[in-house]
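> Pasting a predicted model and its sequence here:
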Amino acid sequence: MSEEKQKEIKTLKGWEESGKNWDDFCKPGELVDEDVYWYFLNILPPRNMGAGYLQVGEPYDSRLNPKTGKYMATYSTFVKVGDKVWKYCGNCFPGGPLNNPHNQFQNGIHSSDYSHRAHHHIDRSVAP
């Protein structure tokens, strides 16, 4: 059985019943169901999205990007890992989990798994 099937899948109903904010309910690397994905997709136009990839449209915060030396916004990020199952990657720089400011997404998708999605994503932002 794969690692994804062994973990608890967080649900939208479970989040609502918990009374917690999103960051207290779900941590980077945890699995979520498709209802969570649709919730975040529908609250705002996405920042970035593509086949099996979503960055929520509203920035979570701004952090120093060690690659650029500049402060950049971070966005809640999800990648699809199975049938109706998504992995929450945390709050990442534009472009996805490989740009995560704190490398919180170490036990999830590796760069080879992500690369096939990266060239399919749509960046809906205005150029800086």
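Looks like it came in fine.

> next helix or strand past the helix ranked longest in the chain?
Longest among the helix segments of the chain by residue count, using DSSP state H, is helix 34-43. Downstream of helix 34-43, the first helix or strand assigned by DSSP states H and E is strand 48-50.

> Given that following strand, what are its sheet partners and their directions?
Partners of strand 48-50 in the sheet, by DSSP bridges, are strand 53-55 (antiparallel), strand 122-123 (antiparallel).

> hey, least reliable of these by pLDDT?
Ranked by mean pLDDT, these bottom out at strand 122-123, with a mean of 38.

> Between the two ends of stretch 55-63, what distance do you get?
Start and end residues of stretch 55-63 are separated by 16 Å (CA to CA, to the nearest Å).

> typo on my end, it should be stretch 23-36
End-to-end distance of stretch 23-36 (CA to CA): 13 Å.

> before we move on, what about stretch 25-41?
By CA to CA, one end of stretch 25-41 lies 18 Å from the other end.

> who's in contact with that stretch?
With contact meaning CB atoms under 8 Å, 6 or more residues apart in numbering, stretch 25-41 is reached by 4, 7-15, 18, 49, 54, 56, 76, 78, 80-81, 84-90, 100, 104-105, 107-108. No exception for glycine: its C-beta is placed from N, CA and C like everyone else's.

> just the helices in the chain please.
Counting by DSSP H, the helices of the chain are 3-6, 12-18, 22-25, 34-43, 111-118.

> Which of the ones you listed has the lowest mean pLDDT?
helix 111-118 (a mean of 31).

> what comes up buried for stretch 28-42?
Of the residues in stretch 28-42, 28, 29, 30, 31, 32, 33, 34, 36, 37, 40, 41 count as buried by neighbour count, 16 or more other CB atoms under 10 Å.

> Please render those as a markdown table that adds distance to residue 95 to the earlier fields.
Output for these, formatted as a markdown table (distance: CB to CB, whole Å):
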| residue | distance to residue 95 |
| --- | --- |
| 28 | 16 |
| 29 | 18 |
| 30 | 21 |
| 31 | 22 |
| 32 | 20 |
| 33 | 25 |
| 34 | 23 |
| 36 | 21 |
| 37 | 19 |
| 40 | 17 |
| 41 | 18 |
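
> quick check, nearest of the residues you listed to residue 69?
Nearest to residue 69 among the buried residues of stretch 28-42: residue 28, at 23.6 Å, using CB to CB.
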